[in-house]
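*Asks:* Got a predicted structure plus its sequence, pasted below:
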Amino acid sequence: MAWLSNTLGRKGGTLARFINRPKEALVEGIIATSGAASILFVILILIFLLRDALPLFEITSLEGFLTGRDWYPTSDPPKFGALPLIVGSLLVTVGAIALAVPIGVAAAVYIAELSPARVREWLKVTVELIAAIPSVVIGFIGLVIVAPWIKELFNLPTGLTALTGAVMLAWMAMPTIVSIAEDAIRSVPIEYRQGSLALGTTHLQTVRHVILPAARSGLIAAIMLGIGRAIGETMTVLMVTGGAAQITTSLLKPVRTMTATIAAEMGETPQGSPHYHALFAVGALLFLITFFINLAADLALRKGQRAQ
Amino acid sequence: MNAEATTLMRSSSSRAAKERVIAWLLGLSTLAIVLPVLGILFFLVRFGLKAISWEFLTSMPRSGMTEGGIMPAIVGTFYLVMGTIIIAMPLGVLAAIYLSEYAGAGPFVRLIRLSITNLAGVPSVVYGLFGLGLFVLMLNFSTSILAGSFTLALLVLPLVITAAEESLRRVPNSLREASLALGTTKWQTVRNVVLPNSWAGILTGIILSIGRAAGETAPILFTAVVYYQFYVPQPAGLPYERRFWDFLFEPVMALPYHLYTLSTQATDVDPALQWGTALVLLALVLGMSAIAILLRARLGAGTRW
């Protein structure tokens, strides 16, 4: 409770203050509580996920859940091997990041270093706009426009593949990657740039050998947050990746991600059934993955700020 | 001209050519990101506009949702968004006031900030699970407007806090000092000086949250929405005697979920209906973003401290 008395009792004790100005103390108490609420929510989310996930491990071992190759939640007996879902999420995310990082960083360099001042703001606003488009709309576009293209391009039986999901996710991760990478590039101290240019390098040599290495922490954070965005995306992958819970390493096959599994199956699952608990276990796993990705991104950003 | 100089010139001109190619590639990458935005807008307007009519916006779906309008989905999204903002705004603004005005530096504040970052990164479908566990089942709200609003409110909370805090921090300290020098208490200063000078930024956060809440599907999937409803939940009267807030405990249809069902679940749906729904949803969400962007631009240009 040290924080509470710290906040409320800067002059004199909490009690003295409360007696002198009860209304003020009450208001400050409410404000401090609201401030602390975010911590409470993170803990609550974790508790509620685990509470409904743990009963699964009375019927399946943790190892069986994480490494089981069969996800047949409605067969008799049901099988809750989440490996196909984990592999599906990884495949789509890795594909998305492989596309998004080079293109996104290139775009960030262009916007920060090369674009004419007049179009720079427009480019930034347009990229930011992508974040505002609902994922279900992007999924719809993927379903009716991109999937048929991919089907035709690779001559496939269906256009609903991991690749389709990866392409859509790569694009959806762009606002995160481009804006954080651009921030990182622009916050490199001007002396670095001047020092390099004074040695007779060209602008792009300076960018490549001085600015990008100096912005490394920010770029890593951009990539981490992009990964977090891609792995947690639900509706788009649900609509465009085909939904087959199979283990494959081919981007041209249908897959099913962890997020899509929860979204597709929770609606038809009786509360308290093993299937219900299994879906919560998948959710808890997702929460933990994104939690550590965000933590890593936060540390990278902080490291970058300290370095400057 | 001696040979050495020629080699130098050639290498420098080939380097210039190489750099031009790289610059082009960088520009092309930017184009690859920006063009699909315009492409999506083009497709939606081209195929969606002809579906939009007064009747489409104001009538119920008919014939197993293969015909008719999307009115209940629009109303449902309106309820959810209103509920979200009513819950998230006071909580978010108070949290921002704490972070900007009261909190110092320290491990506890660091923990709060880390929690906010993490809340922003939690997958939306995980919010759905949480809402199902806490609001729908434990607090017994059932699948309802109330449960969906609470779930969405948690989702937009980081957005509200971040925008509001940034805006509060913009208010120069000299204003706070001038107010405190007049003998006001800290809260009086916050209420009468700091808050009135940061409403525009707070509003920006609220508007962005409206856009976000209106477009999210996964969090309301198990907490608020139904596939089809033959009536629209309303505060008063119908269909039997009840209290005016009872409608909050009823499920609704919502635009993003309606688009999802129209494009993946229902069969034999007129494509115009799908495009029209997508266009209405996107117009709503982008309209909110546009207002927020304009407001932010005005905010940046308007006030001079």
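*Replies:* Everything's here; your move.
*Asks:* switch to C-alpha atoms for all contacts and neighbour counts from now on
*Replies:* Will do.
*Asks:* From A:I133, how far off is B:L284?
*Replies:* Using CA to CA, to the nearest Å, B:L284 is found at 10 Å from A:I133.
*Asks:* do A:R120 as well
*Replies:* Separation of A:R120 from A:I133 (CA to CA): 21 Å.
*Asks:* And A:A170, by the same measure?
*Replies:* Using CA to CA, A:A170 is found at 14 Å from A:I133.
*Asks:* Same drill for those two, tell me which one is more crowded.
*Replies:* Neighbour count, other CA atoms under 10 Å in any protein chain shown: between A:A170 and A:I133, A:A170 has more, with 29 against 23.
*Asks:* Could you tell me how many residues sit around the residue nearest to that one when sequence neighbours are not counted?
*Replies:* Of all residues not flanking A:A170 in the chain, A:A96 sits nearest, at 4.3 Å (CA to CA, 6 or more residues apart in numbering or on different chains). Neighbourhood size, A:A96 [other CA under 10 Å]: 27.
*Asks:* A:A96 touches A:T164, doesn't it?
*Replies:* No. In this structure, A:A96 is not within contact of A:T164 by CA atoms under 8 Å, at 9.5 Å.
*Asks:* Okay, now the unreliable bits of the chain?
*Replies:* Chain wasn't specified; assuming chain A. A:1-20, A:307-308 (pLDDT under 70).
*Asks:* my bad, chain B
*Replies:* Low-confidence segments of chain B (pLDDT under 70): B:1-11, B:64-65, B:236-242, B:299-305.
*Asks:* can you confirm B:D268 is in a strand?
*Replies:* No. Assignment of B:D268 by DSSP: H, G, I helix; E, B strand; the rest coil gives coil, placing it outside any strand.
*Asks:* ok, how many other residues are close to residue 225?
*Replies:* Went with chain A since none was named. 24.
*Asks:* nope, chain B
*Replies:* Neighbours of B:V225 (other CA under 10 Å): 27.
*Asks:* From B:Y79, how far out is it?
*Replies:* Taken as CA to CA, the span from B:V225 to B:Y79 is 12 Å.
*Asks:* tell me which strands and helices the helix or strand that contains the residue nearest to A:A170 is in contact with?
*Replies:* If you go by DSSP states H and E, A:A96 is part of helix A:83-109. For helix A:83-109, the packing partners by 3 or more CA pairs under 8 Å, 6 or more residues apart in numbering or on different chains; DSSP states H and E come out as helix A:62-67, helix A:162-186, helix A:216-232, helix A:258-265, helix B:3-48.
*Asks:* and the angle from the following helix or strand past it to helix A:162-186?
*Replies:* Later in the chain than helix A:83-109, the nearest helix or strand by DSSP H and E is helix A:117-132. Relative orientation of helix A:117-132 versus helix A:162-186 (axes from the mean of the first three to the mean of the last three CA atoms, to 10 degrees): 140 degrees.
*Asks:* Counting neighbours, which bits of helix A:117-132 end up buried?
*Replies:* Residues A:R120, A:L123, A:K124, A:T126, A:V127, A:E128, A:L129, A:I130, A:A131, A:A132 are the ones in helix A:117-132 that count as buried (16 or more other CA atoms under 10 Å in any protein chain shown).
*Asks:* Equivalent analysis for stretch A:297-308, please.
*Replies:* A:A297, A:D298, A:A300, A:L301, A:G304.
*Asks:* Would you mind pulling the contact partners of stretch B:138-149?
*Replies:* Stretch B:138-149 has contacts (CA atoms under 8 Å, 6 or more residues apart in numbering or on different chains) with B:79-84, B:87, B:131-132, B:135-136, B:219-220, B:222-225, B:247-252.
*Asks:* what's the answer for stretch B:27-41, then?
*Replies:* Identification of contacts with stretch B:27-41 by CA under 8 Å, 6+ apart yields A:103-104, A:106-108, A:110-111, A:123, A:126-127, A:129-130, A:141, A:171, A:174.
*Asks:* Now do the same contact list for residue 217.
*Replies:* You didn't say which chain, so I picked chain A. Shown in contact with A:S217 (CA under 8 Å, 6+ apart): A:A184, A:A300, A:L301, A:K303, A:G304.
*Asks:* Chain B was what I was after
*Replies:* Taking CA under 8 Å, 6+ apart, we find B:T217 in contact with A:S135, A:V136, A:M235, B:P256, B:Y257.
*Asks:* Tell me how many other residues crowd the fourth one.
*Replies:* Spelled out, it's B:P256. Other residues near B:P256 come to 29 when the count uses other CA under 10 Å.
*Asks:* Distance check, it against A:V146.
*Replies:* B:P256 is 20 Å from A:V146, where distance means CA to CA.
*Asks:* circling back to that earlier point, what residues sit buried inside the helix holding A:A96?
*Replies:* Quick answer for helix A:83-109 (16+ other CA under 10 Å): A:83-97, A:99-101, A:103-109.
*Asks:* try stretch B:274-291
*Replies:* Applying 16+ other CA under 10 Å to stretch B:274-291 flags B:274-290 as buried.
*Asks:* And for stretch B:81-99?
*Replies:* B:81-85, B:87-89, B:91-99.
*Asks:* filter the residues you listed down to the ones near chain A?
*Replies:* When contact is defined as CA under 8 Å from any CA of the partner chain, these meet chain A at B:L91, B:G92, B:L94, B:A95, B:A96, B:I97, B:Y98, B:L99.
*Asks:* Determine the set of other helices and strands touching the longest helix along chain A.
*Replies:* Identified as the longest helix of chain A according to DSSP state H is helix A:274-307. With contacts taken as 3+ CA pairs under 8 Å, 6+ apart, helix A:274-307 sits against helix A:22-53, helix A:216-232, helix A:258-265, helix B:107-121, helix B:124-131.
*Asks:* Could you export those as JSON lines, including distance to B:R46?
*Replies:* Formatted as JSON lines, the helices and strands packed on helix A:274-307 follow (distance: least, CA to CA, whole Å):
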{"stretch": "helix A:22-53", "distance to B:R46": "42"}
{"stretch": "helix A:216-232", "distance to B:R46": "29"}
{"stretch": "helix A:258-265", "distance to B:R46": "30"}
{"stretch": "helix B:107-121", "distance to B:R46": "34"}
{"stretch": "helix B:124-131", "distance to B:R46": "30"}
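*Asks:* right, and these - which one's nearest A:K79?
*Replies:* Closest to A:K79 of the helices and strands packed on helix A:274-307 is helix A:258-265 (CA to CA; 14.2 Å).
*Asks:* What segments of chain B are helices?
*Replies:* Using DSSP H, helices in chain B cover B:3-48, B:54-58, B:71-97, B:107-121, B:124-131, B:145-170, B:173-181, B:186-189, B:199-215, B:218-221, B:255-260, B:271-302.
*Asks:* In contact with the residue of the stretch 151-300 of chain A at minimum distance from chain B, which residues?
*Replies:* Closest to chain B within the stretch 151-300 of chain A is A:G232: 4.4 Å, counting by CA to the nearest CA. Going by CA under 8 Å, 6+ apart, A:G232 touches A:T259, A:L286, A:T290, B:V122, B:P123, B:S124, B:V125.
*Asks:* Find the nearest non-adjacent residue to the first one, please.
*Replies:* Spatial nearest neighbour of A:T259, excluding adjacent residues (CA to CA, 6+ apart): A:T234 at 5.1 Å.
*Asks:* what's the answer for the third one, then?
*Replies:* Using CA to CA, 6+ apart and skipping the chain neighbours, the partner closest in space to A:T290 is A:G228 (5.5 Å).
*Asks:* Give me the neighbour count for the nearest residue to A:A278 once chain neighbours are set aside.
*Replies:* Excluding its sequence neighbours, the residue lying closest to A:A278 (CA to CA, 6+ apart) is A:L56, at 5.8 Å. Using other CA under 10 Å, A:L56 is surrounded by 22 other residues.
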